[in-house]
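S.K.: sequence and predicted structure are below.
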Amino acid sequence: MAVPASSISVVIPAFNRRREILRAIASLFRQTLPPAEIVVVDDASTDGTPDAVAELGDSRLNILRHTRNLGAAAARNTGIAAARGDWIAFLDSDDEWESEKLARQREALADGGADTLASVTGYAIEDYRTRERYVRRPTARDATLDALVWGCWLGLGSTLLARREAFATVGLLDPDLPRLEDWDWLIRYLQSYSLLVLPDSLATVHKATDPSFARVAIAVARIREKHRDMWYRRSWLDGRKFDSTLLVEEAAAAYYTRDISRAALLSIRALASYPFRGGSFIHLLVDRAFHARQRAAVVDH
């Protein structure tokens with residue numbers, strides 16, 4: 001398949017998403033600026049996911065398969081390596097885009113500076129655990145290295161559009177990270193380049209489950225090893241903020257797996273590392289404690 005110059009390749013990693021991935025691809029077919037190529041990387045699914053994609057019969061589809069499950073970061077890297085477009089966009093296999101998403105990002109990036117190689121957008125979260133929908137609208141301030149010391153909620157996996165050269169210069173995603181690979185990549189990217197932000201919600205993220213504590217703990221340990229020295233070189237306070245944020249990530253994972261004692265201990269350690277996280281963090285701790293008591297009461301009855 002010939003890919004036009006200055007074209008966009010969309011990379012979709014997939015693992016056992018036979019039904020959801022059809023919704024994701026349908027949102028690509030609705031784009032006002034259609035992608036020239038859709039690279040689906042099946043990460044050793046057992047539910048017929050690649051067969052369902054192949055049945056669509058669209059010439060833009062390029063279906064690749066891993067013989068064993070390697071994780072989302074490795075699947076995206078396989079897709080990037082195979083993609084032939086000048087631009088790479090990420091979409092998770094259970095998410096979807098608004099019809100003007102690619103067009104608006106591509107137009108905005110055309111007006112960006114030479115150091116702006118990538119863009120992200122706002123997004124809505126459909127949370128099936130709580131049956132809530134909420135929107136996250138990042139600002140330019142959220143897309144800076146200073147902001148990333150507090151973690152990353154920019155939704156890279158379903159909102160990123162980047163020039164191919166961004167991955168050539170910054171590097172690919174870290175395949176040894178089972179979680180938080182977006183945070184790791186952006187820490188590396190933002191040390192050299194700027195990130196353009198469109199705050200409007202142009203993607204929908206469908207959330208049904210939370211990661212295991214073990215996977216988050218592995219990711220936190222690796223990110224600590226890779227980036228802690230850099231934050232402390234910036235300043236001692238940045239280093240303390242980073243240490244605190246890593247503990248917050250672990251505390252959140254423990255909370256969502258209902259290990260409340262561990263979540264409380266990690267939260268206390270996070271505050272000890274940097275006691276000035278602000279009222280919003282204290283409010284979050286109180287809210288989690290309240291909901292933990294509610295769940296305990298339900299179990300007791």
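M.R.: Yep, that arrived.

S.K.: can you list the domains in the protein?
M.R.: As given by automatic domain parsing, the domain ranges for the chain are 8-207, 213-300.

S.K.: lowest average pLDDT across those?
M.R.: Among the domains of the chain, domain 213-300 has the lowest mean pLDDT, at a mean of 82.

S.K.: how far does that domain sit from its chain's centre?
M.R.: In terms of Cα atoms, centre = their mean, to the nearest Å, the centre of domain 213-300 is set 19 Å apart from its chain centre.

S.K.: what's the answer for stretch 16-32, then?
M.R.: On Cα atoms, centre = their mean, the centre of stretch 16-32 falls 18 Å from the chain's centre.

S.K.: do the same with stretch 144-154
M.R.: 12 Å.

S.K.: for it, C-alpha coordinates in PDB please.
M.R.: C-alpha atoms of stretch 144-154 as PDB (Å, rounded to 0.1, in the frame of the first residue of the first chain):
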ATOM      1  CA  THR A 144       5.600  21.100  30.800                       C
ATOM      2  CA  LEU A 145       8.400  19.300  32.500                       C
ATOM      3  CA  ASP A 146       7.600  21.200  35.700                       C
ATOM      4  CA  ALA A 147       4.100  19.900  35.700                       C
ATOM      5  CA  LEU A 148       5.200  16.300  35.100                       C
ATOM      6  CA  VAL A 149       6.900  16.100  38.500                       C
ATOM      7  CA  TRP A 150       3.300  15.600  39.800                       C
ATOM      8  CA  GLY A 151       2.600  12.700  37.400                       C
ATOM      9  CA  CYS A 152       0.900  12.500  34.100                       C
ATOM     10  CA  TRP A 153      -2.700  12.600  33.100                       C
ATOM     11  CA  LEU A 154      -2.400  13.800  29.500                       C
END
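
S.K.: out of the domains of the chain, deepest packed?
M.R.: Mean neighbour counts were compared across the domains of the chain using mean count of other Cβ atoms under 10 Å; the top stretch is domain 8-207, at a mean of 19. Every C-beta, even on glycine, is put in place using the N, C-alpha and C of the backbone.

S.K.: what's the span of that domain, first residue to last?
M.R.: By Cα to Cα, to the nearest Å, the extent of domain 8-207 from end to end equals 26 Å.

S.K.: can you map out the helices along the stretch 201-301 of the chain?
M.R.: Residue ranges of the helices in the stretch 201-301 of the chain, as given by DSSP state H, counting those that start in this stretch, are 213-234, 236-256, 260-273, 279-300.

S.K.: dump the ones you listed to TSV, plus distance to residue 110.
M.R.: Converted to TSV, the helices of the stretch 201-301 of the chain look like this (distance: least, Cβ to Cβ, whole Å):
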stretch	distance to residue 110
helix 213-234	32
helix 236-256	34
helix 260-273	41
helix 279-300	36
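
S.K.: closest one to residue 83 among these?
M.R.: helix 213-234 (25.1 Å; Cβ to Cβ).

S.K.: only alpha carbons, please: show the closest one as PDB.
M.R.: C-alpha atoms of helix 213-234 as PDB (Å, rounded to 0.1, in the frame of the first residue of the first chain):
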ATOM      1  CA  PHE A 213      -0.700  -3.100  42.400                       C
ATOM      2  CA  ALA A 214       2.100  -5.400  41.300                       C
ATOM      3  CA  ARG A 215       2.200  -3.800  37.800                       C
ATOM      4  CA  VAL A 216       2.200  -0.300  39.100                       C
ATOM      5  CA  ALA A 217       4.900  -1.100  41.700                       C
ATOM      6  CA  ILE A 218       7.200  -2.500  38.900                       C
ATOM      7  CA  ALA A 219       6.600   0.600  36.800                       C
ATOM      8  CA  VAL A 220       7.200   3.000  39.700                       C
ATOM      9  CA  ALA A 221      10.500   1.200  40.600                       C
ATOM     10  CA  ARG A 222      11.800   1.500  37.000                       C
ATOM     11  CA  ILE A 223      10.700   5.200  36.600                       C
ATOM     12  CA  ARG A 224      12.400   6.000  39.900                       C
ATOM     13  CA  GLU A 225      15.600   4.300  38.700                       C
ATOM     14  CA  LYS A 226      15.500   6.200  35.300                       C
ATOM     15  CA  HIS A 227      14.500   9.700  36.300                       C
ATOM     16  CA  ARG A 228      15.100  10.400  40.000                       C
ATOM     17  CA  ASP A 229      18.600  11.700  39.500                       C
ATOM     18  CA  MET A 230      17.400  14.100  36.800                       C
ATOM     19  CA  TRP A 231      14.800  15.600  39.100                       C
ATOM     20  CA  TYR A 232      17.300  16.100  42.000                       C
ATOM     21  CA  ARG A 233      19.700  17.800  39.600                       C
ATOM     22  CA  ARG A 234      17.000  20.300  38.700                       C
END
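
S.K.: I appreciate the help and will end here.
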